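[1] Sequence unavailable; structure follows:
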Ligand SMILES: [Zn+2]
């Protein structure tokens, strides 16, 4: 994948999914100086305070954050592992560019290989499946009220939600493969058209309810529909088009194999 080739520095750092990597960024203290340089620089990149594909000046960052260069270098090394920063020759660290349409489609296609199967696998034992936990996570997000619109609340919820499924499946190779995609970091750098999560929540409910009642077929189909709909939303973000008028539940009902190369990203227009 192109994403993987952006940096050689896969140092094993993974999205700390359960801890919700954006949790600090959601809180009022997000801009406070008490956060570690890693979190502050990550927030700057995700919010585009530091734009994509921009050369990073370590000395300037250190001065802005009021710290020495060493913790800034350490933070940038971790962010390289997150694929938010990349080293370029001959020297210099840059923020990575945003995903293009092709990379967005490639990323969603990989998720389509992993996640419908995972949702099906998790929808087994009513007594032990993660359905109740997933519904509770949805409830937690809904209860944020207006805070849903702030920071990375939606991304944080989405990371936690999808991780519950992989955790329940219990295949560490699969779970690691998903984490290595850093899917959420990259998707939510695009402008999500569904910023308050209205559509996402409905789709997540369908997945969680199917898993909760141990209905593997419905869980698989609901996950596939969610990923197609998410691709539509992020595609709008890619075009800086925030209109939601063409996004409804119709597209969410679309099931089937991954769309063709030509129809995948533009098909939201057909659903209006
Ligand atoms: Zn989701």
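    Yes, it's here. The structure presented is a predicted model; accordingly, all values stated were derived computationally and were not measured. Numbering: from 1, shown residues only.

[2] the helices in the stretch 101-250 of the chain, which residues?
    101-122, 131-142, 153-169, 172-181, 183-187, 198-212, 216-238, 249-252 (DSSP state H, counting those that start in this stretch).

[3] Which one of those lies nearest to residue 80?
    helix 183-187 (12.4 Å; Cβ to Cβ). C-beta coordinates here come from the backbone N, C-alpha and C atoms, glycine included.

[4] Check which helices and strands that closest one sits against.
    helix 101-122, helix 153-169 (3 or more Cβ pairs under 8 Å, 6 or more residues apart in numbering; DSSP states H and E).

[5] ok so, going back, residue 46: which of the helices of the stretch 101-250 of the chain is closest?
    Ranking the helices of the stretch 101-250 of the chain by proximity to residue 46 (Cβ to Cβ) places helix 183-187 first, at 7.3 Å.

[6] Show the subsequent helix or strand relative to the host helix or strand of residue 70.
    Taking DSSP states H and E as the criterion, residue 70 maps to helix 69-81. As assigned by DSSP H and E, the chain's next helix or strand after helix 69-81 is strand 85-87.

[7] And that next one, what does it pack against?
    helix 69-81, strand 93-95.

[8] how about JSON lines for these, with mean neighbour count added?
    Compiled in JSON lines, the helices and strands packed on strand 85-87 are given as follows (neighbours: other Cβ atoms under 10 Å):
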{"stretch": "helix 69-81", "mean neighbour count": "18"}
{"stretch": "strand 93-95", "mean neighbour count": "19"}
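
[9] Enumerate every residue touching the most centrally placed residue in the chain.
    With distances taken as Cα atoms, centre = their mean, residue 184 lies nearest the centre of the chain, 1.5 Å away. By Cβ atoms under 8 Å, 6 or more residues apart in numbering, the contact list for residue 184 reads 15, 155, 158, 159, 162.

[10] Roughly how far does the fourth one sit from residue 217?
    The spacing between residue 159 and residue 217, counted by Cβ to Cβ, to the nearest Å, is 26 Å.

[11] neighbour count winner among these two?
    Using other Cβ atoms under 10 Å, the more surrounded residue of residue 159 and residue 217 is residue 159, with 25 against 10.

[12] Now the residue nearest to the centre of the chain: closest residue in space that isn't a chain neighbour?
    residue 159 (4.9 Å; Cβ to Cβ, 6 or more residues apart in numbering).

[13] Ok, residue 117 next?
    Per Cβ to Cβ, 6+ apart, closest to residue 117 is residue 220, 7.0 Å.

[14] residues contacting the one you found?
    Here residue 220 is in contact with 116, 117, 119, 120, 123 (Cβ under 8 Å, 6+ apart).

[15] how about low-confidence regions in this protein?
    For the chain, applying pLDDT under 70 flags the ranges 1-33, 149-151, 191-194, 240-272.

[16] Show me it divided up by domain.
    Domain segmentation of the chain under automatic domain parsing yields 2-95, 101-271.

[17] what's the most buried one of the ones you listed?
    Comparing the domains of the chain by mean neighbour count (mean count of other Cβ atoms under 10 Å), domain 101-271 comes out on top with a mean of 18.

[18] Dump the contacts of residue 220 to JSON lines, plus distance to residue 178.
    Shown next, in JSON lines, are those (distance: Cβ to Cβ, whole Å):
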{"residue": "116", "distance to residue 178": "13"}
{"residue": "117", "distance to residue 178": "12"}
{"residue": "119", "distance to residue 178": "13"}
{"residue": "120", "distance to residue 178": "15"}
{"residue": "123", "distance to residue 178": "18"}
